[in-house]
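Chemist: Attaching a predicted model along with its sequence, questions to come.
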Amino acid sequence: MSLLLDYQYFPITKPGKGAGGKTGSWRVVKPVVDLSKCIGCKACFMFCPESTIVPKGGKVTVDYEYCKGCGVCSNVCPVKAISMVSET
Ligand code: SF4
Ligand code: SF4
């Protein structure tokens, strides 16, 4: 008999709703999705450690209120649809 818990299917965190979970002015790069390249595979959604990739209409958007600019999403995208753009 095997026991599977919900978190084993979706091992991702949710960004906190308090001000403490929001991105501060320290973020220096942000991910920008080229929707003409995106194939909607959701790899970025699955790997984002802040759960700030939002599936939308078969593609994805980014919640910049909580995105920390780590670049994980850009690295896992199989078609290089996410560019890390400087904010400074
Ligand atoms: S840069 Fe990091 S925190 Fe922001 S959307 Fe990509 S994986 Fe998530
Ligand atoms: S990993 Fe790339 S192709 Fe897949 S949903 Fe994200 S942006 Fe689109």
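Modeler: Received, thanks. Ligands and ions are numbered 1, 2, ... in the order given.
Chemist: From here on, just use CA atoms for contacts and neighbour counts.
Modeler: OK.
Chemist: Stretch 21-32 and ligand 2, are they touching?
Modeler: No. Using CA under 6 Å from any ligand atom, stretch 21-32 stays clear of ligand 2, with a minimum separation of 8.9 Å.
Chemist: Could you list the buried residues of that stretch?
Modeler: 29-31 (16 or more other CA atoms under 10 Å).
Chemist: okay if I get the residues you listed as CSV plus distance to Pro15, pLDDT and secondary structure?
Modeler: Converted to CSV, those look like this (distance: CA to CA, whole Å; pLDDT from 0 to 100; DSSP: H, G, I helix; E, B strand; the rest coil):
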residue, distance to Pro15, pLDDT, secondary structure
Val29, 19, 95, strand
Lys30, 16, 96, strand
Pro31, 17, 97, strand
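Chemist: Out of the residues you listed, which is nearest to ligand 2?
Modeler: Pro31 (9.6 Å; CA to the nearest ligand atom).
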